[in-house]
Structure formats: C-alpha cells, structure tokens
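1. Output the structure for:
(chains A, B, C, D, E and F)
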Protein chains: 4
Amino acid sequence: MKKGRQDRVRPKQKRSEETRRRIIEAGIRLFSEKGYHSTSSKKIAREAGTAIGSFYNYFDDKKQLLFEIQRLHSEKVHAMIEKSLKELFENSPDMDGRTIVQRMVDQALDLHSYSPQLHREITSLTYSDPDFAEMGRKEDGRVIEIFLKLLNQQKDSLRTDDLEAAVMVVGLAMEAVVHTIRIFGSPIDEKRLIDALGDMIHRFLYKSP
Amino acid sequence: MKKGRQDRVRPKQKRSEETRRRIIEAGIRLFSEKGYHSTSSKKIAREAGTAIGSFYNYFDDKKQLLFEIQRLHSEKVHAMIEKSLKELFENSPDMDGRTIVQRMVDQALDLHSYSPQLHREITSLTYSDPDFAEMGRKEDGRVIEIFLKLLNQQKDSLRTDDLEAAVMVVGLAMEAVVHTIRIFGSPIDEKRLIDALGDMIHRFLYKSP
Amino acid sequence: MKKGRQDRVRPKQKRSEETRRRIIEAGIRLFSEKGYHSTSSKKIAREAGTAIGSFYNYFDDKKQLLFEIQRLHSEKVHAMIEKSLKELFENSPDMDGRTIVQRMVDQALDLHSYSPQLHREITSLTYSDPDFAEMGRKEDGRVIEIFLKLLNQQKDSLRTDDLEAAVMVVGLAMEAVVHTIRIFGSPIDEKRLIDALGDMIHRFLYKSP
Amino acid sequence: MKKGRQDRVRPKQKRSEETRRRIIEAGIRLFSEKGYHSTSSKKIAREAGTAIGSFYNYFDDKKQLLFEIQRLHSEKVHAMIEKSLKELFENSPDMDGRTIVQRMVDQALDLHSYSPQLHREITSLTYSDPDFAEMGRKEDGRVIEIFLKLLNQQKDSLRTDDLEAAVMVVGLAMEAVVHTIRIFGSPIDEKRLIDALGDMIHRFLYKSP
DNA sequence: TATGAATGAGCATTCATTCAT
DNA sequence: GATGAATGAATGCTCATTCAT
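-> This next block holds a predicted model:
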C-alpha cells in the first residue's frame, strides 16, 4: 500500500467534513453492492455527488478509503462487543455457562446482521491483500483480549488450562459459523447450527456440572 | 458466469493437451504468486509460453481457468480426504477418540500445506464472487458427507444427537483454525492452537470416558 | 479484394463438392441471421460442420464466400427475371400497359420475398464496399438490358424518347420501393405504395389512352 | 444499442467543448474516408489529437459517435430542405409543374453533394443495423411531412388521389436516383437520368396540361 | 483433401490519477 | 477546497489466417 503521503486533507471546515463523510458513505454503499473490485473511484465520487478531484483530496486511493471505512466500522463493532460482553458478565453472576455462551453467539450473529455485504467484501480482501490481512489480525487480537479479560473473571467454572488458545479457537469457530449463516446461507436450519456451536463451545470451556 | 459457450477446444491432438496443461500450470503459478486480480490472461499466456489466442482457445476467460484449477485441485483433495479418513476409521477400531480427532486435524493441516497461496486466493473469491461461493458450498457439502458416513460407524462412542449439524460446525471450526495457521500465521504457537482445537472437537463429539 | 490466388480448390470429387456446398449454405444462414460483420469464418466452418482449414481450402476469405453466394443468388434471380418477363411480354400482346406494369412490380416483390435478410446484408455492402458496389452495378446493368430488350417490343405504346434512361430510373424506383416494403417495412399500407408505384411507372412509360 | 449511460461528459468548460468538437470532426473525416467498420475509436482519438480516454469521456462508443454525427447532419439537411422548398413553393405561384419538379430534383442533388461518402456509409448502416434503420425511417418521415404540407398547397394542379403514398414513392425514387448519381456514379450521362426522373415525377403528380 | 491448434495484431473499453482552472 | 477534463497504460477478448499433422 502506498505510504508516506501526508498531504491528504484533514478537514477543518464544515463543508469539507461534509464532503468527506459523503464520500465515505458512498464508498460503503458501492463496496457493499458492487464489491471492491467493481467499484471505481470515479463512481464513488459520482455517488457522493462530488468531483473526482475531491476524492483524491481526501483519500490516497480506493484502498485507503476502504481502510478508513473498515477502521470506523471496526471501532463501532469493538465498542459494541465490549459493552455487550461487559453487561453479560457483570450483570449475571449466577447465569449458567450454557446461557452465557448462547448470549455470546447471539451477539456475534447480531453484529453480523449489520451490513453483511460489506463484511463479506472486507473478509475477501483479508484473504487476498496482506494489508487487510494484517488489519484483520489486529482486529481479532483486540477482540480476543476483551474475551480473555472477561473470561478470566469466571476462571473457577472453566476447565481449560490454555485459555488464550481456547479463546482464539472459540472465536475462530464462532466467526466461521456466523459467516456461513450470515454470508453464505446455511444449508440446514440455522437453529441447528447455532445450537451445535453453542454446545461445542460450552462443553469445551466449562466444567461439566 | 458465462455459460454455454461451446467453442472452446476439447483437445483431440497431443500438442493441444500439452498446451492446455501448460496454461493451467501457468495459471496456478501466477494466481498463487500475484493473486487473481493482479493476473491478466495475457500474463498467463506469456508464462505458459503460448499466444494469448491459445488461452482463449481453451478457456472462456480467466475465471473459468481458475474454476478448472479449483476443480482439479478439489478432486485431488477430495480423494485424499476420503482415503485418509477411511484408513483412519477402518484400521483403528480400538483407537481412542482424542487420537482420532488429532489425526483428523493433522490431515486437515497437511491438506493445506499444499499451495496455501492458491487456497488463500480461492477462499478470497469465495467471499467476493457468488459463483465461487456456490462452488465452495458444494465442496463443503461433499466433505461433510464423507465425515458423516464415517462418524456414523462410531455412533456408540459419540454423544451428539444432531450429528449433521455437529459435523458442519466442527468442519467450519477446523477450516477456520487451519486457515489461521497456514494462511495468516498464528500469533501464538501453532501447537497450542492445534491442541485447543483437538480438545474442543473431542469434548464436543465424544462421550466422556 | 485479394486477387490472384488461383490455388483454391475446384472440387472434382463428390465429398469435396459436398463440403463446399455445406460451407456456402452455412454462409447464407449466418450472413442472413447475424450479418456479414458479426459472422466469423470460424463460425461458418462450425455451422457447416467442417474444420476451419477446409473453409480456406475453398475460399480465399469471408468476402469471397459472400461474393460466391451473391453470384449464385444473382444468377438464379436473373434467370427468373428473364423467364418471367419473357412470358409477360410474349403471352400478352393485348394486355394493357397498367396491367403489365403491375405484373412487373409484383414480380419484383416476389423476388425479394426470398431471403430478404441476405439481400439486405448485400445491399449494405454495396454501399460500403467498392467491390460489392461494382458487382451491384453490373447486376443492375444486366437486368436493365433485359428490360430494354423487352420494352423495345412494345415501342409503339410507349412515349419515352430516352428509353434507356427511363428504364434505369424505373428500375431504381422499383428497387427503392420494394426495399422499403420488404426490408424496412412500409409505414403505410403496402397496397397504397404498390399502387402509387404502378401508377407512376405506367404514366411515365405508356402513352395515355 | 446501449442506452442509459449517464456518465458521459456534458461539457461545462470551454476546453471540453473544443475537444468534443474535434472528436466529431475526426469521426466525420475517418468514417467518410475509411468507412465505419475500418475506423477504430483509437484512430479517431488520434486523428482528433486527444487521448483515447477522452473519446470515451464524450461518447459511449463508436456507434454513438456516428449517431451524433448523423443527428447533427440530419438537422442541417432538414433545415435546408425546409427552407428551399418553402422558397420554391411560396415565391413561384406561376411556376409550371415541370420546373418545380426540376428544382426539387436539383435540390436533392445539391444536398447529396455535401459529403457523399459519409452519406454512403450511413446508408450502408441503415441496411445492416436496426438502430440506424430506425433513425433512417424517422428521418424519411420528417422529410415526407414537409413535402406533403407543401404539395397540399398546390392541390389543384395535382392529379393524385393518394398524395401520401405518392409522395413516399416519389421520395424513394428521387433518393435512389440521386444515390446512383452521387454515390455509385451513373453509367450513362447524369443529365439523361435527371431528365427522366423529372419527367417521371412530373407526369405522375401533375395534371397534364 | 481434411483437420484444428497456434498465432498475435488489433479492438473496445476502463481506470487511477493529475493538474490547470 | 472544489472541479472535471485529460491522460494512456492496461485489460479482456476476437479474428483472419497459417501450417504441421
């Protein structure tokens, strides 16, 4: 990815901020609908109602725009996860493990019901572009950290010794199943997949009663 | 995807078969190294040592070539999986569950050590292109069928009621972890991830002793 | 147009003649349906059920094929015109002028009801390709000659002094109206156009009663 | 024909209008000289002194350019016809029919002396391309309308009952003869053809003295 | 004679990016 | 800051034609 160009506009005027925002929104729309590779910067500018020149005033290129979109999106998601999980663990000291796991799975499904198309596109790039791959790994790392911190509060009811590895594996499994449901469509009834996933995670992490 | 074009050459001469093979091999090389979107049909032809016209004698377009590559690859993989799993289950009636699971995980890792770059690229397209998504789902379906058939022979030692859903979830989990290890690189020691994965699957599927 | 290649096959064997015929028929079909420019020699060969190599065994190129098609077609048409007109003039010494003209117009319409699509395509080339233009002029010349010869037998009832020019103008007018009817489709009832054309020609050529 | 693309530039800057004009002029030159099918968009751009990208900034494709050229041309022609015919009919109440007809024929010949090559090319496309055929029919319809309106003013001296059909037939005849003279070259002295055409039309439309 | 694989120039079109206004 | 015309390398693809088998 291009680096080092620092002369992109950091808007300090209202009109400017507005233009930047419109470009980002246009990008989200088009990347979701048409996909990254089928969307040109010109089309984004037109969809945003600006001149193509303005696009390059604010972003180095198409990729950097998607990076920015992903950054914003990921921050939102991150905040949501943190908040939800905190509530989950704090407010429910007496909740049984299976229910906690179910809540987690439900939350993951919720998160992916917001713009699954964009998520799909970014996931694709995660596989094909090293820059996005790196970003994805960082993102995963942050989420795992949250999980770890929270699960540590429940240490007594968990039976895994290598909690870090366990959390990673659980996270990956959840993501894979959620993708199948939200992006590709499950070939069998969703409910069955969700139950199986919940059971698997629960039996793995929690001591049997 | 374009369909129905019947004017592609089905080789009737020796030289022809050779050219087709060379194009496929060039495709594998370039798709792996540079990625699908950065590889043009012209570059493939050059790498194959043929004229661009020859490329279009054999394939409708770039996409169809990757489809063919994936088909060939997937058939090979499929045969390997079937053979390995059969051996695993048949020859080891007294093997304990944890070991069986470990073998399965090892096999999945083995399968992905062959041209992980190509696999990465195809996975990317699975997320961005409906045609590849469909192909991926079919592929998954076939693998799951094999698993199901074999696991059914061990029904007594398994504790899951909805075996189909269980197998799907386990398959997705395995794929996700293997991708992380083989494609993105695990941020922690691979061994730990592999163990955690094995434990999770084992505890999920098998009755506790 | 390429000239001078004399090594094209002049079939002397049955199989050969058959192949040549099949190519010509395939050419007629495709030129009519898809048009000259959208038809490639490869497609013609395939439609004919032969190898592309055979196409070039019999014809220098696509254009020469259409030339041959046009030559055959034009000979057939020519014979038909000659026969019809002869019958018309010989068998009807007492037929009134208006009726004779009407018969001529009807014949012209008849001739164009056979493969108007091919005729359309060739007319197009007559306008865009000098070789076809020349061919068209020669063709016109031959038809006019026939007309002239026959009309000369009726000299007494005609009032035109410059019969040659008159015949040319009448021929062009007929062709133009017939094209409109057969190729483009008349915007008003055909019958009205046909009547007007007949009236015009009759009043022009024949003495008023 | 492709429709609905709205992303072509509608010039808002001076330089833009100039470029568009240069492309149109280059198109006229090349289509006339080399013909539509032998002219590529690249050659047009080069002839216009612009980059190929600019061609596509202003026109969807080659065809749309020729459409635009034809539109401009046809508008000019149309205005000329209307003006000339009006003058002809208004200023000459006492002019005899044969002279009026002669003037009309002369005007038709005049109109075709401007860029007969381009006219030839467009006529060719009228026969091979449905979009151009439609355009041609519309154009013909407009001209016939003018004729009809004006001839109606002379109704008393005309003897045709179905004036609409008569005008169409006359128009087609004129066009055919003019094409022969201007595009293909008359095999006999032009003067003879012109006289014959004039006579034919006159005798058809006007009452005999 | 028949075959059909190979060829590569050429075409239409797109796109990221620049820069003068 | 905003604009949008200009640029031309690059891409996907076609096609007439050749020639070894």
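
2. Spatially central, which residue of chain A would that be?
-> A:Ser74 (5.3 Å; C-alpha atoms, centre = their mean).

3. Please name the nearest non-neighbouring residue to it.
-> Leaving out its chain neighbours, the residue that sits closest to A:Ser74 by C-beta to C-beta, 6 or more residues apart in numbering or on different chains is A:Glu139, at 5.5 Å. Where C-beta positions appear, they are placed from N, C-alpha and C, glycine not excepted.

4. Break chain A into its domains for me.
-> For chain A, the structural domains run A:14-58, A:70-205, going by automatic domain parsing.

5. check whether the longest one contacts DNA strand E.
-> No - in this structure, domain A:70-205 remains apart from DNA strand E according to C-beta under 7 Å from any atom of the strand; the gap is never smaller than 13.8 Å.

6. Pull the distance from that domain to the chain's centre.
-> 9 Å (C-alpha atoms, centre = their mean, to the nearest Å).

7. Any residue of it touching DNA strand F?
-> No - against DNA strand F, domain A:70-205 shows no contacts by C-beta under 7 Å from any atom of the strand, the least distance being 14.5 Å.

8. Quote the end-to-end distance of that domain.
-> Between the opening and closing residues of domain A:70-205 we find a distance of 31 Å, counting by C-alpha to C-alpha, to the nearest Å.

9. The residue nearest to A:Ser74 - that's part of a helix, no?
-> Yes - inclusion of A:Glu139 in a helix is indicated when DSSP: H, G, I helix; E, B strand; the rest coil is applied.

10. For burial, what's the neighbour tally of it?
-> Residue neighbour count, defined by other C-beta atoms under 10 Å in any protein chain shown, stands at 18 for A:Glu139.

11. Would you mind measuring from it to chain D?
-> With the distance defined as C-beta to the nearest C-beta, to the nearest Å, A:Glu139 ends up 36 Å from chain D.

12. same check, this time on A:Ile146
-> For A:Ile146, the distance to chain D equals 45 Å [C-beta to the nearest C-beta].

13. Repeat that for A:Lys62.
-> A:Lys62 is 17 Å from chain D, by C-beta to the nearest C-beta.

14. How about the contacts made by that residue?
-> With C-beta atoms under 8 Å, 6 or more residues apart in numbering or on different chains as the criterion, the residues that contact A:Lys62 are A:Tyr36, A:Thr39, A:Ser40, A:Ser41, A:Ile44.

15. What ranges in chain A fall below the confidence cut-off?
-> Where chain A drops to pLDDT under 70, the residues are A:1-15, A:92-93, A:209.

16. Have a look at it and report its longest helix.
-> Among the segments of chain A that qualify as a helix by DSSP state H, the longest is helix A:62-90.

17. Which SSE is immediately downstream of it?
-> Following the chain from helix A:62-90 toward its C-terminal end, the next helix or strand by DSSP states H and E is helix A:97-111.

18. Now do the buried residues in that next one.
-> Buried residues in helix A:97-111, counting neighbours by 16 or more other C-beta atoms under 10 Å in any protein chain shown, are found at A:Gly97, A:Ile100, A:Val101, A:Gln102, A:Arg103, A:Met104, A:Val105, A:Gln107, A:Ala108, A:Leu109, A:Leu111.

19. so that helix versus helix A:62-90, what angle?
-> Angle of helix A:97-111 versus helix A:62-90, following axes from the mean of the first three to the mean of the last three C-alpha atoms, to 10 degrees, is 150 degrees.

20. Now the closest residue to A:Arg120 other than its chain neighbours. Its backbone dihedrals?
-> Excluding the flanking residues, the one nearest A:Arg120 by C-beta to C-beta, 6+ apart is A:Ile183, at 4.9 Å. Geometry field for A:Ile183 lists phi and psi as phi -100, psi -50, criterion degrees, to the nearest 10.

21. okay, now the residue in chain A that chain C sits nearest to: neighbour count?
-> Nearest to chain C, among the residues of chain A, is A:Ser38, at 27.8 Å (C-beta to the nearest C-beta). Using other C-beta under 10 Å as the criterion, A:Ser38 is surrounded by 11 other residues.
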